[in-house]
Structure formats: C-alpha cells, structure tokens
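>>> here are the coordinates; sequence isn't available:
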DNA sequence: CAACAGTTTGGAACAACGTTCCAGACGTGT
DNA sequence: ACACGTCTGGAACGTTGTTCCAAACTGTTG
C-alpha cells in the first residue's frame, strides 16, 4: 500500500513544502508550476496528480505555514490574544504571501487556527454571549488588516530599504495641500520612526480595552 | 489595410472609467487589456500611451472610485469616523476589487482619502498627541481588514448565494472536532444570521471605546 | 516468472495574459 | 501644401495556468 515508487516520489507534502520554499524566496508571484516542477525535478503536468490547481496549492501552503507557527504557543497564556496576534503578525512578516492569501480567500481554512484561540480567550474574559461574535470578528479583522498592510510593505521591501521607503512616503505626505490634508501632514513625521510590531500590539490593546468596556457597559 | 481612425479621442479618464466599468461587472480578474481595448474600440497597444501599466491603471481606478465616494460625506459629522468607515465599507461592498487593491498596494494613494477625515475626528476627540498615530492606524487596519474580508466574500458570491455559502461554512464549523475547536463550534450557529454591516459598525464602536479609554487612562 | 491493469510521470500543446514594437494614419504649425 | 511629432491599433513575444496523453512504472494475478 504505502510503498514508495521512487526514492524521490512525488507527494502532496513534498509539493507543498517546495511551494512554501519558493514563495518564501521569490514572493507571491514567484510561485510557478514550471519553477515548482523544476525544484521537484519533474514536469508541470505531474503536479496536477496531487494538487487540483494553483489556488488549492496556495491554500494548502498557507495552512501548512500557519499550522506550524501556531503549535508553538500551546499554553493558555493569560494574554493569549496578544500572543496569538503576535504569532500571526510575525508569521505574515516572515511569509508575506500568507497575508495575501488570508485576505483573498473567504473563510480560509487556516483562519480557524486564529479564530479558535482568540475565541476561547474572549470567552475567558467573561464577555457576554451576545458580544462574543462581535469581539472576535473585530479582533480578527484588525489582525488581518494590520498584517496585510505589513505584508504589502514587505512585498516591495526587496526593491527599497524600509526606512528609505517610509521617509519618501513621509515626505510625500508633508508636501500635501495644507488645506486639504492637515492631519496627514501633521503625522507625516511620525511615520518613519514608528515600530510596526509595537503599533500592532497597541492596536490589539485598544480593541481589548473596548471589549472590556463592553462588559462593563451592559 | 485601411485602419479607421477613431472619432472619439482616447484619454486617461475614458480609459479609467472603462476599467472601472469592467471591474464592476467582471471582478478582479475580469480586467484585461484586450477586453478594455474592446470596450474602447481600439487595440491593446493604444492604451499604453495613456497608462504606464496595469498596476497603475488599477491604482487610478481605485482612487477614482474612492474619491467619488468620499465627496459625498463632506460635512463634519460628530460621528465622522463611523460615517467614513461606512462609506468605505459600502464602497468596497459595491466594488470588491477596490478592497483587493487597497490591501495589496502599500500606502495606496487612495488611502489618504480615508486617513485624513479619520485623523481629524480623532484629533477632535481630544486624543493625546502621542496616541493619535496608534488610534488612526488601528482604525485604518480594522477598516481595511473587515472590508477586505467582505470583498473576499463578495468575490465568490456570483457562484453561490450568500446565505447558502454561510450556512455551508457554518455546518463545516459545527462538524469540527469538539476537543480542538470548541469555540468555533460554539459560534457556528451565529454565522449565517449575522449582518455584516452591523458587525462592522460594532467593531468600529469597539475601537472608538478603546480610544476614549486611552484618553482617560493617561 | 510473465502478463495484465491501474497509476504516476513529464513533456508537448493550448488559450489567454501583460507588454513591446512599429508601420501607418492623424493633427498642427508653418 | 508640406513636414514633423503624436496617437493608433494590430501583430508578435515571452510567460502563465492548465489539459492531454503516450510512455514508464508499480502491484496483483495466473
């Protein structure tokens, strides 16, 4: 039954692993069935015996990376929401294409891996039954939005240095019409110096504060 | 080969307008230089005289749609954040491809149209100088994340009815391993009945509550 | 051990894409 | 009327996801 056809037999796992490798090196658009076939020393047609199409392959790759990242946390931390959020943030920071996938595919299988621990923690916080869905949805949307933005930035980072890019955007903001964009001009200078990870966590705390207030207001 | 000269001149605006039309009808992947050329009764090569490439065209189309949507609000509402957020949400709901673009392109020009009014309102709320960047970033990330998710759902809506899709996902959640996914199973039933727009607004209020607490805590 | 049946393989082929190229048609200033 | 620079749009190039299928391979049977 489970005998190996060849020493380097093609399998779904090997294909997904190779896909992850290519995506990490060459980014979102770098994954090609021809390049993938080259890495696996085969032809493009062979891959379709183990994977339906590129979309499924991308979904599987995303799930694989996120699953591997999520096993790490394990312990029920008091600040599990923050811990999970940071794992997601760091994972997408290391694999920007994961962010692209999560925000492109509706109700992505890998999303459950994020939703579940966050949901448990929200329950543990004593949030009322009726407010749990809203709270978890808000946290999830924020995490995806912030991570996605970060992934978009990381996607063009090979071309430009991060601070170079941010300062150029900052200069662009500072030169906007003072009448139309006073606020944007006002915070332009804060753009290059800020820490993405820190800002991300501050946003999580903001939402958590809102959730706690939700409990007290009722 | 007698090539007929066109009577109506090609222009950047006409190209962008036609692109928006196609994107609205055929979705993200529906925009093609050949199809666009067909709509404009010309060849694909002619378009490149007014637009550098597809990426620029998509950016321009996104900016055009968002600019048109944003002029509507104008008046300084007390709940401007909520108003702006809803405009963005509804715009992306009507043009899902706008959501894709906003979360793909880093510091998208159209983003300023969202950032500015939200920033002003945050200032008006009396948020401390040091907390303004965090507050605006959090709101922006949430708006993009939630709208993006909504866009992803809308993208596959032509294939499936919304409630059909949600109930199928809900059933999938309900059948998960009780040991591993207790929370997901727990809220599975709330999935089909929820109102996306309402949930979105509730999330905005959650963050706004957090921001107000931020002021009181300091 | 030999013959068969069912997969797996991988290279060729197809349609469609973004983009480039350029001969010819156009419009304008002289 | 002429010339010159701009706009046009069809052809062509390289690349993509995907399909197809003869050949190679594996496991089972006679």
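Done, it's in. This one's a predicted model, so the numbers in the text were calculated from it and none came from an experiment. Numbers count the residues shown, from 1 in each chain, chains lettered A, B, ... in the order given.
>>> so residue A:193, which of the three states?
When classified by DSSP: H, G, I helix; E, B strand; the rest coil, residue A:193 comes out as coil.
>>> Report how many residues lie close to it.
For residue A:193, the neighbour count with other Cβ atoms under 10 Å in any protein chain shown is 11. For the C-beta atoms, the positions are set from N, CA and C on the backbone; glycine is no exception.
>>> Do you have the strands of chain A handy? List them.
For chain A, no strands are identified by DSSP state E.
>>> Now do the helices in chain A.
For chain A, the helices defined by DSSP state H cover A:12-26, A:33-39, A:44-47, A:54-70, A:80-94, A:96-104, A:111-124, A:129-155, A:162-174, A:182-187, A:196-217.
>>> right, so of those, which gets closest to residue B:85?
The closest of these to residue B:85 is helix A:129-155. By Cβ to Cβ, the value is 11.5 Å.
>>> So that closest one, near chain B or not?
Yes - using Cβ under 8 Å from any Cβ of the partner chain, helix A:129-155 reaches chain B at A:132-138, A:140-146, A:148-149, A:152-153, A:155.
>>> mind checking how far residue A:90 is from residue B:207?
23 Å (Cβ to Cβ, to the nearest Å).
>>> which ones are touching the closest residue to residue A:155 other than its chain neighbours?
Distances taken as Cβ to Cβ, 6 or more residues apart in numbering or on different chains place residue A:96 nearest to residue A:155, at 5.3 Å, with adjacent residues excluded. Going by Cβ atoms under 8 Å, 6 or more residues apart in numbering or on different chains, residue A:96 touches A:27, A:28, A:150, A:151, A:152, A:154, A:155.
>>> Next, count neighbours for residue A:67.
Neighbours of residue A:67 (other Cβ under 10 Å): 12.
>>> what do you get for the one 3 residues further on?
Taking other Cβ under 10 Å as the criterion, the count of residues near residue A:70 is 18.
>>> Quick check, it in contact with residue A:115.
No - with contact defined as Cβ atoms under 8 Å, residue A:70 does not reach residue A:115; the gap is 11.3 Å.
>>> mind checking how far the closest residue to residue A:11 other than its chain neighbours is from DNA strand D?
Of all residues not flanking residue A:11 in the chain, residue A:50 sits nearest, at 6.5 Å (Cβ to Cβ, 6+ apart). According to Cβ to the nearest atom of the strand, to the nearest Å, residue A:50 and DNA strand D sit 12 Å apart.
>>> Quick check: residue A:50 touching residue A:9?
No - using Cβ under 8 Å, residue A:50 is not in contact with residue A:9, being 10.3 Å away.
>>> So which of those two has more stuff around it?
Legend: neighbour count by other Cβ under 10 Å for residue A:50 and residue A:9, higher for residue A:50 (14 against 9).
>>> Quick one, grab the pLDDT at that one.
If you check residue A:50, the pLDDT there is 97.
>>> Let me see the contact set for it.
A:10, A:11, A:12, A:15.
>>> before we move on, what about residue A:127?
So residue A:127 contacts A:135, A:211, A:214, A:215 (Cβ under 8 Å, 6+ apart).
>>> phi, psi of it?
phi -70, psi 140 (degrees, to the nearest 10).
>>> separation between it and residue B:172?
24 Å.
>>> cool, residue A:175 as well?
50 Å.
>>> Between these two, tell me which one has more neighbours.
More crowded of residue A:175 and residue B:172, by other Cβ under 10 Å: residue B:172, with 15 against 11.
>>> sorry, back to before: output the helices of chain A as JSON lines; include the columns mean pLDDT and distance to residue B:85.
Putting the helices of chain A into JSON lines (pLDDT from 0 to 100; distance: least, Cβ to Cβ, whole Å) gives the following:
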{"stretch": "helix A:12-26", "mean pLDDT": "97", "distance to residue B:85": "33"}
{"stretch": "helix A:33-39", "mean pLDDT": "97", "distance to residue B:85": "40"}
{"stretch": "helix A:44-47", "mean pLDDT": "96", "distance to residue B:85": "43"}
{"stretch": "helix A:54-70", "mean pLDDT": "97", "distance to residue B:85": "28"}
{"stretch": "helix A:80-94", "mean pLDDT": "94", "distance to residue B:85": "21"}
{"stretch": "helix A:96-104", "mean pLDDT": "95", "distance to residue B:85": "18"}
{"stretch": "helix A:111-124", "mean pLDDT": "95", "distance to residue B:85": "22"}
{"stretch": "helix A:129-155", "mean pLDDT": "94", "distance to residue B:85": "12"}
{"stretch": "helix A:162-174", "mean pLDDT": "93", "distance to residue B:85": "21"}
{"stretch": "helix A:182-187", "mean pLDDT": "97", "distance to residue B:85": "16"}
{"stretch": "helix A:196-217", "mean pLDDT": "92", "distance to residue B:85": "14"}
